[in-house]
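1. starting from these lines, generate the structure:
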Amino acid sequence: MKTSIHVLLLFIAMTLLPVAEGRTADTTAPVPGMVTMVDLGAKSCIPCKMMAPILDELEQQYKGKAAIIFIDVWQNEDEGKRFKVSMIPTQIFFDRSGKEVYRHSGFLEKQAIIDRLDTMLEMK
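-> Presented below is the predicted three-dimensional model:
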């Protein structure tokens, strides 16, 4: 009985608590039917902090066209394992069918992300 209550409380906490400022863990990544970029990092990682404002801007720029998702793998270790992350930040790009088409580790410049997303959005 105690175990099931703990599991329920953990589930509720994971669902409601924010992972990073302005973002929550999204275990449905990649987003079905949408070009998706998943950035796996941590709030305390310096290159991740450098990418945060870029991701915020791109999230607005591509709203309704492509999903930009941040997952803090220090707070969500299972997600790091699920995506086989060995270094942070790691960016993974998925096509509309959910197939991984590109992976990059380390800081990724804004223009490189834009170029990748635009190319993927042009593909039918």
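2. poorly predicted segments of this structure, please.
-> Scanning the chain for pLDDT under 70 picks out 1-27, 124.
3. can you show me the helices along the chain?
-> 2-16, 46-61, 77-82, 110-122 (DSSP state H).
4. how about those in JSON lines, adding mean neighbour count?
-> From N, CA and C alone the C-beta is placed, and that goes for glycine too. Below are the helices of the chain laid out as JSON lines (neighbours: other C-beta atoms under 10 Å):
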{"stretch": "helix 2-16", "mean neighbour count": "9"}
{"stretch": "helix 46-61", "mean neighbour count": "16"}
{"stretch": "helix 77-82", "mean neighbour count": "14"}
{"stretch": "helix 110-122", "mean neighbour count": "14"}
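5. now those helices as TSV including distance to residue 97?
-> Supplementary listing: the helices of the chain in TSV, determined by distance: least, C-beta to C-beta, whole Å:
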stretch	distance to residue 97
helix 2-16	27
helix 46-61	21
helix 77-82	18
helix 110-122	11
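6. wait, which of those helices is closest to residue 37?
-> Checking the helices of the chain against residue 37 by C-beta to C-beta gives helix 110-122 as the closest, at 6.5 Å.
7. quick one: contacts of that closest one?
-> Residues outside helix 110-122 that contact it (C-beta atoms under 8 Å, 6 or more residues apart in numbering): 35, 37, 54, 57-58, 62, 65-66, 91, 93, 95, 101-102, 104.
8. show me which of these are buried.
-> 35, 37, 54, 58, 62, 66, 91, 93, 95, 104 (16 or more other C-beta atoms under 10 Å).
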